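Undergrad: I need the structure of the sequence given here:
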Amino acid sequence: MASLAGSAYYIDSLNDRIGVLRGNQIVLESKVQEQNDAIDNYLARQQQTQAQLDILEQEKRQAMEDVNRLRKIFARHDMDNLALAKPGLIETRVNKASDRVMTNLEQLSDPNQFDEKSSIN
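TA: Now for the predicted structure:
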(Lines give C-alpha, C1' and ligand atoms only; values in the text may rest on other atoms or scores of the structure.)
Protein backbone atom coordinates (compact mmCIF):
# COMPACT_ATOMS: atom_id res chain seq x y z
CA MET A 1 0.00 0.00 0.00
CA ALA A 2 2.83 2.34 0.91
CA SER A 3 4.58 1.44 -2.32
CA LEU A 4 1.38 2.21 -4.28
CA ALA A 5 0.92 5.54 -2.48
CA GLY A 6 4.59 6.43 -3.03
CA SER A 7 4.33 5.52 -6.70
CA ALA A 8 1.17 7.62 -7.09
CA TYR A 9 2.88 10.58 -5.40
CA TYR A 10 5.97 10.18 -7.58
CA ILE A 11 3.87 9.94 -10.78
CA ASP A 12 1.88 13.02 -9.67
CA SER A 13 5.08 15.00 -9.05
CA LEU A 14 6.43 13.91 -12.44
CA ASN A 15 3.19 15.09 -14.12
CA ASP A 16 3.55 18.44 -12.34
CA ARG A 17 7.16 18.73 -13.58
CA ILE A 18 6.02 17.83 -17.10
CA GLY A 19 3.40 20.61 -16.92
CA VAL A 20 5.99 23.13 -15.73
CA LEU A 21 8.44 22.05 -18.42
CA ARG A 22 5.77 22.33 -21.12
CA GLY A 23 4.93 25.83 -19.88
CA ASN A 24 8.61 26.76 -19.98
CA GLN A 25 8.88 25.33 -23.49
CA ILE A 26 5.96 27.49 -24.66
CA VAL A 27 7.53 30.59 -23.09
CA LEU A 28 10.91 29.82 -24.63
CA GLU A 29 9.39 29.21 -28.07
CA SER A 30 7.58 32.55 -27.91
CA LYS A 31 10.77 34.34 -26.85
CA VAL A 32 12.72 32.70 -29.67
CA GLN A 33 10.01 33.80 -32.12
CA GLU A 34 10.19 37.36 -30.77
CA GLN A 35 13.97 37.37 -31.21
CA ASN A 36 13.66 35.99 -34.74
CA ASP A 37 11.15 38.73 -35.56
CA ALA A 38 13.49 41.36 -34.08
CA ILE A 39 16.36 40.01 -36.18
CA ASP A 40 14.20 40.06 -39.32
CA ASN A 41 13.19 43.68 -38.59
CA TYR A 42 16.82 44.65 -38.01
CA LEU A 43 17.90 43.02 -41.26
CA ALA A 44 15.10 44.80 -43.17
CA ARG A 45 16.14 48.16 -41.69
CA GLN A 46 19.77 47.38 -42.47
CA GLN A 47 18.86 46.58 -46.07
CA GLN A 48 16.90 49.83 -46.36
CA THR A 49 19.82 51.78 -44.89
CA GLN A 50 22.20 50.12 -47.34
CA ALA A 51 19.90 51.04 -50.23
CA GLN A 52 19.83 54.66 -49.04
CA LEU A 53 23.62 54.66 -48.76
CA ASP A 54 23.86 53.31 -52.30
CA ILE A 55 21.61 56.13 -53.54
CA LEU A 56 23.72 58.71 -51.70
CA GLU A 57 26.89 57.19 -53.13
CA GLN A 58 25.46 57.44 -56.66
CA GLU A 59 24.47 61.05 -56.04
CA LYS A 60 27.95 61.77 -54.68
CA ARG A 61 29.54 60.18 -57.72
CA GLN A 62 27.32 62.27 -60.01
CA ALA A 63 28.18 65.42 -58.05
CA MET A 64 31.88 64.67 -58.35
CA GLU A 65 31.49 64.20 -62.11
CA ASP A 66 29.71 67.56 -62.27
CA VAL A 67 32.46 69.22 -60.23
CA ASN A 68 35.14 67.77 -62.49
CA ARG A 69 33.22 68.85 -65.58
CA LEU A 70 32.87 72.39 -64.23
CA ARG A 71 36.54 72.54 -63.28
CA LYS A 72 37.45 71.64 -66.84
CA ILE A 73 35.13 74.35 -68.17
CA PHE A 74 36.54 76.99 -65.84
CA ALA A 75 40.08 75.92 -66.67
CA ARG A 76 39.41 76.61 -70.38
CA HIS A 77 37.91 80.08 -69.86
CA ASP A 78 39.31 83.22 -68.37
CA MET A 79 36.34 84.21 -66.22
CA ASP A 80 37.83 87.58 -65.24
CA ASN A 81 38.03 88.80 -68.83
CA LEU A 82 34.62 87.36 -69.67
CA ALA A 83 33.03 89.05 -66.62
CA LEU A 84 34.52 92.37 -67.63
CA ALA A 85 33.45 91.99 -71.25
CA LYS A 86 29.92 90.62 -70.66
CA PRO A 87 28.83 91.24 -67.03
CA GLY A 88 25.11 90.60 -67.72
CA LEU A 89 25.80 87.17 -69.18
CA ILE A 90 27.92 86.12 -66.24
CA GLU A 91 25.55 87.58 -63.64
CA THR A 92 22.53 85.72 -65.05
CA ARG A 93 24.38 82.41 -65.13
CA VAL A 94 25.84 82.86 -61.66
CA ASN A 95 22.41 83.72 -60.22
CA LYS A 96 20.78 80.65 -61.82
CA ALA A 97 23.58 78.40 -60.63
CA SER A 98 23.41 79.89 -57.12
CA ASP A 99 19.66 79.24 -56.96
CA ARG A 100 20.20 75.66 -58.10
CA VAL A 101 22.96 75.12 -55.52
CA MET A 102 20.82 76.54 -52.71
CA THR A 103 17.87 74.31 -53.68
CA ASN A 104 20.13 71.25 -53.72
CA LEU A 105 21.66 72.26 -50.39
CA GLU A 106 18.23 72.61 -48.82
CA GLN A 107 17.27 69.16 -50.08
CA LEU A 108 20.48 67.58 -48.83
CA SER A 109 20.26 69.20 -45.41
CA ASP A 110 16.61 68.27 -44.84
CA PRO A 111 16.59 66.36 -41.52
CA ASN A 112 13.46 64.45 -42.55
CA GLN A 113 14.78 63.22 -45.90
CA PHE A 114 15.04 59.61 -44.69
CA ASP A 115 11.77 59.49 -42.75
CA GLU A 116 9.72 58.59 -45.79
CA LYS A 117 9.95 55.14 -47.28
CA SER A 118 12.28 54.93 -50.21
CA SER A 119 10.83 54.16 -53.63
CA ILE A 120 13.31 51.30 -54.05
CA ASN A 121 11.61 47.95 -54.40
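
Undergrad: lowest mean pLDDT among the helices and strands, pick that one out for this structure.
TA: Within the chain, judged by mean pLDDT, DSSP states H and E, the helix or strand with the poorest mean is helix 79-85; its value is a mean of 79.

Undergrad: please compute how far the helix or strand where Q58 lies lies from its chain's middle.
TA: Using DSSP states H and E, the element containing Q58 is helix 2-76. Centre-to-centre, helix 2-76 and its host chain are 15 Å apart (CA atoms, centre = their mean, to the nearest Å).

Undergrad: how close does the residue most central in space within the chain get to L43?
TA: With distances taken as CA atoms, centre = their mean, T49 lies nearest the centre of the chain, 2.0 Å away. Going from T49 to L43 by CB to CB, to the nearest Å gives 11 Å. No exception for glycine: its C-beta is placed from N, CA and C like everyone else's.

Undergrad: next one: R93
TA: Taking CB to CB, one finds R93 at 48 Å from L43.

Undergrad: ditto for S109
TA: 29 Å.

Undergrad: residues in contact with the residue in the chain sticking out farthest from the centre?
TA: Going by CA atoms, centre = their mean, the residue of the chain most distant from its centre is M1, 71.2 Å out. Listed by CB atoms under 8 Å, 6 or more residues apart in numbering, M1 has no contact partners.

Undergrad: same check, this time on A83
TA: With CB under 8 Å, 6+ apart, A83 has these contacts: I90.

Undergrad: can you pull the domain assignment for the chain?
TA: Domain ranges of the chain: 1-76, 77-109, per automatic domain parsing.

Undergrad: a markdown table for those, including distance to D115?
TA: As requested, those are exported to a markdown table (distance: least, CB to CB, whole Å):
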| stretch | distance to D115 |
| --- | --- |
| domain 1-76 | 11 |
| domain 77-109 | 14 |
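
Undergrad: which of those domains has the lowest average pLDDT?
TA: When the domains of the chain are ranked by mean pLDDT, domain 77-109 comes last with a mean of 85.

Undergrad: just give me how far that domain sits from the chain centre.
TA: Its chain's C-alpha centre and that of domain 77-109 lie 35 Å apart, by CA atoms, centre = their mean.
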